[in-house]
Structure formats: structure tokens, C-alpha cells
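Chemist: Attaching a predicted model along with its sequence, questions to come.
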Amino acid sequence: MRQYLELLDDILQHGVQKRDRTGVGTLGVFGRQMRFDLNAGFPLLTTKKLHIPSIFHELLWFISGDTNIRYLRERNVSIWDEWADENGELGDVYGKQWRAWQSADGGTVDQLAQLLTQIRETPYSRRLLISAWNPAELQRMALPPCHYAFQFMVEDGRLSCLFNMRSTDVFLGLPFNIASYALLTHMVAQQCDLAPGELIWSGADVHLYLNHLEQAREQLTRSPLALPELIILRKAENLFDYRYEDFAVRDYEPHPAIKAAVAV
Ligand SMILES: Nc1nc(=O)c2c([nH]1)NC[C@@H]1CN(c3ccc(C(=O)N[C@@H](CCC(=O)O)C(=O)O)cc3)CN21
Ligand SMILES: O=c1ccn([C@H]2C[C@H](O)[C@@H](COP(=O)(O)O)O2)c(=O)[nH]1
């Protein structure tokens, strides 16, 4: 994950200070990309310890189509707490758009199910794409999607994924987002009898909150360690049938966690 440290350094060196919605303020750059070879290890940050259950449960929750934080709360995952209403609802966020995009005729589109069919039937397709950016429903979302679209590509029996972010909280959000899309790529690959290929992150507004600068500098004093390995213990019947217990991360031995406040 040397690329991640290079990105931190890039922002600290070239970032421009800006006001932002949360009132915290950021140091940011516009337009960056990072690539991860999923065969070189599972891209979990090693220069600070990440809480793996939060990442894995969140992805399973998206895939299930759920938009209420009850599922997360029951599993001690608190990363969405600040955005939920008194009933735990986040509105029409990721899960809704991935699994039940509202169509004009009153029906819904299961983008994830369609994607799997397309990968199997037309692996050469250039349309293996899912969008969470639904302009008609943005007002009904607690937060407009940050990772708003992702696309797969099949080549030589390998599945690669590129995910787009309009806005990236580099210290807190990005390490989660990279691991989450890496896990999704492993799962979709297994379901389609492909091997994982590359994961590519593409970010537009790429920022460090001003109250994360010290933590970012602390991370830059640390050396990246060997990446862990993801083991899928069971091949589920279909993409929607995976459980948390189906995954194990082997040999994750990171530097200690670094605390930071999330900007709401
Ligand atoms: N400002 C901001 N940054 C984000 O990354 C973000 C949002 N808002 N809003 C929606 C979701 C929620 N996400 C979050 C929210 C909190 C953490 C966080 O506090 N992480 C800590 C503790 C993790 C834990 O409890 O599992 C960390 O040290 O990684 C991470 C991602 C990602 N998103
Ligand atoms: O998965 C996520 C979700 C959110 N973020 C960050 C990016 C921004 O710092 C905030 C969202 O604020 P906006 O004003 O809507 O841009 O959350 C992330 O990095 N990853």
C-alpha cells in the first residue's frame, strides 16, 4: 500500500485548503487514481490497523439491499450512526440503488443480479457497470453516494474493477472503500468462475480533513508491511448468500490504529 502513503504525501505537498459542507475544512487535490493487483495480497492498509468487521459487514449490508442501520448496529458497526434518522433509516442509499433502482414503469432493477448475468453471458462487454448516482432520488438519501459507480472488466479469465468516487475522505473513508471493493471483486469473481485481477480507485475531490493532518503525518513515519490474504471459506450459492463467517483474513499484522474524528 505504498501508493496510499504517496497519496497522503501528495495531498500534504500539493493540497489546496478549502471550506466544505461539514465546516471542518480540507486540504485537497482533484483527480487521482491508484491501482492494486489483487493477486499481490488483499489491499488492507497496514500503516494503521483497520477494523475489518466494519468493512465486511457494511459490504454485505449493501449487497442485501438494506438501508437501515439496524443490521450494522446489531453487529457493533457504528460507522453510519451519525447519518441515520431516529428509526435508523438512511433513505435510498447504496443498497437501494444497487438492488432496487426504481424504474419508470413502477418496477425495480436489480443492478447486481443483472451484472452477474452479464459477466457470465457477455464477459467481453464494456457495460458491466453499476451506478448508485440516481439524480431523481438524491433528496431521499442521508448522504449522496461518494463511491457512485463501479465497472468490471474481464480479461484472460481475470476480473478487474474500477470504482469512482466524487469525494474521498482519504484518512477515514478511503482505506475502507478500497478493502470493500476488493472484497466485492473477490466475491463476484468467485461467483463467475474467474480469478481476481486489478482494483482501480479513481477519485475526483480527494481530501484530508484539517483535523486529520497530524494523523496523516504520523502514518507517513511508518513503513508498509506485507499485505494479508483473503480466504473465502465457502462458495455461496449466489452473491446474495454470503455470510460474514464465510471470510477470513490471514496474516494481517498492521501498525497500531490511529484515532480520528469523522466529519459529519
Ligand atoms: N466524513 C466522512 N467520511 C467518511 O469516510 C464517510 C462519511 N463521512 N459518511 C458516510 C460514510 C461512513 N464511513 C465511515 C465513517 C466512519 C469511519 C470511522 O470512524 N473509522 C474509524 C473507526 C472504524 C470503526 O469503528 O470500525 C477508523 O479508525 O477507521 C469510517 C468510515 C465512510 N463514510
Ligand atoms: O464511502 C465513503 C463515504 C463518504 N466518504 C466521505 C467523502 C466526504 O469527506 C464525505 C461526504 O461529504 P460530501 O460533502 O457529500 O462530499 O464522506 C468517503 O470517503 N467514503
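Modeler: It's in. Ligands and ions are numbered 1, 2, ... in the order given.
Chemist: any chance you could map the helices in the chain?
Modeler: Applying DSSP state H to the chain gives helices spanning 2-14, 52-64, 70-74, 94-99, 111-121, 173-191, 213-220.
Chemist: mind putting the ones you listed in TSV, mean neighbour count, mean pLDDT and distance to Ala260 included?
Modeler: For glycine as for every other residue, the C-beta is placed from the backbone atoms N, C-alpha and C. Listed next are those as TSV, based on neighbours: other Cβ atoms under 10 Å; pLDDT from 0 to 100; distance: least, Cβ to Cβ, whole Å:
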stretch	mean neighbour count	mean pLDDT	distance to Ala260
helix 2-14	16	98	13
helix 52-64	19	98	14
helix 70-74	15	98	20
helix 94-99	22	98	23
helix 111-121	15	98	31
helix 173-191	21	98	11
helix 213-220	16	98	5
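Chemist: Enumerate the residues of the stretch 151-264 of the chain near ligand 2.
Modeler: Within the stretch 151-264 of the chain, the positions adjacent to ligand 2 are Ser167, Thr168, Asp169, Gly173, Leu174, Asn177 by Cβ under 6 Å from any ligand atom.
Chemist: Tell me which of the helices of the chain lies nearest to ligand 1.
Modeler: Closest approach to ligand 1 among the helices of the chain (Cβ to the nearest ligand atom): helix 173-191, 2.4 Å.
Chemist: what is the orientation angle of that closest one with helix 52-64?
Modeler: Our comparison of helix 173-191 with helix 52-64, counting by axes from the mean of the first three to the mean of the last three Cα atoms, to 10 degrees, yields an angle of 60 degrees.
Chemist: any idea which residue of this protein is furthest from its center?
Modeler: Here the chain reaches farthest from its C-alpha mean at Asp105, the gap being 30.8 Å by Cα atoms, centre = their mean.
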